[in-house]
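Visitor: I need the structure of the sequence given here:
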Amino acid sequence: MGREHWKKIWVGSAGNMVEWFDWFVYATFAVYFADAFFPKGNETANLMNTMGIFAVGFFMRPVGGWLLGRIGDRKGRKAALTLTVTLMSASAILIAIAPTYAVAGYGGVAVLLVARLLQGLSVGGEYAASATYLTEASDPKKRGFASSFQYVSMTAGQLLGLGLQIVMQRNLSDAALHSWGWRVPFIVGALGAAVVFYLRRSMLETEVYEDSGAAHDADRGTLKALWAHKREALLVMALTMGGTVAYYTYTTYLTKFLSKSAGMDKSTASLVSFCALFVFMCVQPLAGALSDRIGRRPLLITFAVGSTFLTVPIMTMLKHAGTFWLAFGLALLALVVVTGYTSINACVKAELFPTGIRALGVALPYAIANALFGGTAEYVALWFKQAGIESGFYWYVAGCAAVSLVVYLSMRETRDIDLNRIKDEPRRTQAEPVPSN
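Guide: Numbering: from 1, shown residues only. Down below sits the predicted model:
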């Protein structure tokens, strides 16, 4: 892979990292600021309210997917990526300065809600813009490897958030974290977004977009154009379902599960998540490179089979994991299984659509699936816990993976598709060959 390709991957990934740092620190620090915005009372209820607002951000992602996906197809990937990081910076600043319930009553909740709406808009477009950019900017024979850096950067953003949380837990009192310490990561996120805004202003557009003639297509980035590819859009939603539920279960929800259900102290639970996520981040490019050799479907099927049959025993054992090492081993096993989805889902989705509708085609159906399943995962988990049937959530995650497994078994292989020829190709069955050139 040439130097120019690496530069594009670096700039796209760095921005993605900051975007997801801002997105995830809300979830990781929620245990500290949940009581700040609601009346004192039931701790679990306040956390559910706070995560409910977290879920609202996901329901704005389809709007962001439509708006920023349209911009990405009509104005270019660079324009969309620059706008997403601007919105994320604004949302981080709002959360950092949001007044507490003691100061402004439910006014603080209103500020928090607006910030999450902005974050939802931003991330709804960021996923598709970065997935499209990384896929188009890479060597055609290394698209799986290159696009895997989307989840490398996403996980790096989460690790930075967890790392900051661990450092603060070890250097600040619990009272300080609940009082003002939770604001620090949002200030850091806003500053990081400003740096990325500068980097993205000088980034290069992808050659695939520039050479395709998509910028001169009157229907580019429109719902009309997307409707012509409704089968692919439905496929994106279905193949996302199981992956997004599993991903959010073992990333953002894991720390809360270990502290609230397994009885671990918050600092140990955070350390388990940090270590497991670090290894998870490192294996993404390996899995992506493997998909360039053997295809995308084998990895997706491996994920779905593993998640369908291993989720219930893993979650059951995690709940009774009394030591760091046992919890770490189980969390890592779960994340290695999820790697079959995370390492390649970006390029698989981008490989389904022609250039003129690729950003919107990835963004909107993916965002809808995330709103329905990913964004609600933690809330559903807490609902089962509140109802006294926490194990029901384990079966829910396994069931979502089973649905996606059916899709993976029936979908076509996308590894050898020429990104500039998709709209000119007739539809093929899975058994028919796809030309590589």
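Visitor: low pLDDT regions in the chain?
Guide: 1-5, 41-48, 51, 54-55, 212-218, 420-437 (pLDDT under 70).
Visitor: what's the single longest helix in it?
Guide: Assignment by DSSP state H gives helix 107-137 as the longest helix of the chain.
Visitor: how about that one: buried residues?
Guide: Residues of helix 107-137 classed as buried by neighbour count (16 or more other C-beta atoms under 10 Å): 108-109, 111-113, 115-137. All C-beta atoms are positioned from the backbone trio N, CA, C, and that covers glycine.
Visitor: doesn't S89 make contact with A190?
Guide: Yes - between A190 and S89 a contact is recorded at 5.3 Å, counting by C-beta atoms under 8 Å.
Visitor: can you check which residues contact both of the two?
Guide: Common neighbours of A190 and S89, counting by C-beta atoms under 8 Å, 6 or more residues apart in numbering, are D22.
Visitor: ok, the two, which is more surrounded?
Guide: When A190 and S89 are compared for neighbours, S89 comes out ahead with 24 against 21, by other C-beta atoms under 10 Å.
Visitor: can you list phi and psi of E351 for me?
Guide: With angles defined as degrees, to the nearest 10, E351 sits at phi -70, psi -10.
Visitor: what does G295 give?
Guide: Dihedral angles for G295 - degrees, to the nearest 10 - are phi 110, psi 170.
Visitor: ok, the nearest residue to I357 once chain neighbours are set aside - contacts?
Guide: Leaving aside its sequence neighbours, I357 sits nearest to A225 (C-beta to C-beta, 6 or more residues apart in numbering; 4.5 Å). Going by C-beta under 8 Å, 6+ apart, A225 touches 217, 219, 356-357, 360.
Visitor: name the SS class of A225, please.
Guide: Secondary structure state of A225, per DSSP: H, G, I helix; E, B strand; the rest coil, is helix.
Visitor: what's the spacing between it and R358?
Guide: From A225 over to R358 the distance is 10 Å, taken as C-beta to C-beta, to the nearest Å.
Visitor: what does I417 give?
Guide: On the measure of C-beta to C-beta, I417 and R358 end up 12 Å apart.
Visitor: correct me if wrong: A115 contacts I97.
Guide: No - using C-beta under 8 Å, A115 makes no contact with I97, being 9.6 Å away.
Visitor: burial count for the residue nearest to L199 when sequence neighbours are not counted?
Guide: Using C-beta to C-beta, 6+ apart and skipping residues adjacent in sequence, the residue nearest L199 is V11, 5.5 Å away. When counting by other C-beta under 10 Å, one arrives at 20 neighbours for V11.
Visitor: ok, V11 to A369 distance?
Guide: For V11 relative to A369 (C-beta to C-beta), the value is 27 Å.
Visitor: please apply the same query to L352.
Guide: Separation of L352 from A369 (C-beta to C-beta): 14 Å.
Visitor: same check, this time on M315
Guide: For M315 relative to A369 (C-beta to C-beta), the value is 22 Å.
Visitor: now do the same contact list for G181.
Guide: G181 makes contacts with 32, 168, 172, as judged by C-beta under 8 Å, 6+ apart.
Visitor: can we see that at 10 Å?
Guide: Counting by C-beta atoms under 10 Å, 6 or more residues apart in numbering, G181 touches 29, 32-33, 165, 168-169, 171-175.
Visitor: please pick the buried ones from the residues you listed.
Guide: If we count by 16+ other C-beta under 10 Å, the contacts of G181 have these buried: 29, 32-33, 165, 168-169.
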